[in-house]
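[1] Give me the fold of what follows.
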Amino acid sequence: MRTGAEPDASAEATERPVTGAACPFGTYDRRALGALRAAGFELVLTSDRWYAERGAWLQPRFTIVRDDTPASLAAL
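    Residues are numbered from 1 along each chain as shown. So this is what the prediction gives:
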């Protein structure tokens, strides 16, 4: 399965090692995560709206949007 951002091709283009990837718009499943792990990524970011855990391979990103309020953030 092609992930669309294999570390070797990205590293060649940027001349730097690429160790992380992001899943756009929360569109990922076990198969996608397996392909990312098999491709050697050390960190995967998702748009799951939750808190990250230090050192975890799969990291949700927490985005604050216009409709958020102090109360909606506190409810998380």
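
[2] Report the distance from stretch 50-70 to the chain centre.
    Distance, stretch centre to chain centre, for stretch 50-70: 11 Å (C-alpha atoms, centre = their mean, to the nearest Å).

[3] Kindly apply the preceding question to stretch 36-52 instead.
    For stretch 36-52 - counting by C-alpha atoms, centre = their mean - the centre lies 4 Å from the chain centre.

[4] okay, how far is it across that stretch, tip to tip?
    18 Å (C-alpha to C-alpha, to the nearest Å).

[5] Touching that stretch from outside, list them.
    Residues outside stretch 36-52 that contact it (C-beta atoms under 8 Å, 6 or more residues apart in numbering): 3, 6-7, 18-26, 28, 33, 57-63, 76. Heads up, the C-betas are built off the backbone N, CA and C, glycines and all.

[6] One more pass at 7 Å, please.
    Here stretch 36-52 makes contact (C-beta atoms under 7 Å, 6 or more residues apart in numbering) with 3, 6-7, 19-23, 25-26, 28, 33, 57-63.

[7] If you count neighbours, what's buried in it?
    36, 39, 41, 44-46 (16 or more other C-beta atoms under 10 Å).

[8] Which members of these are positioned in strands?
    Judged by DSSP state E, the subset of the buried residues of stretch 36-52 located in strands is 44-46.

[9] mind giving me a markdown table with the residues you listed and columns for distance to Glu12 and pLDDT?
    Shown next, in a markdown table, are those (distance: C-beta to C-beta, whole Å; pLDDT from 0 to 100):
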| residue | distance to Glu12 | pLDDT |
| --- | --- | --- |
| Val44 | 21 | 95 |
| Leu45 | 22 | 92 |
| Thr46 | 26 | 91 |
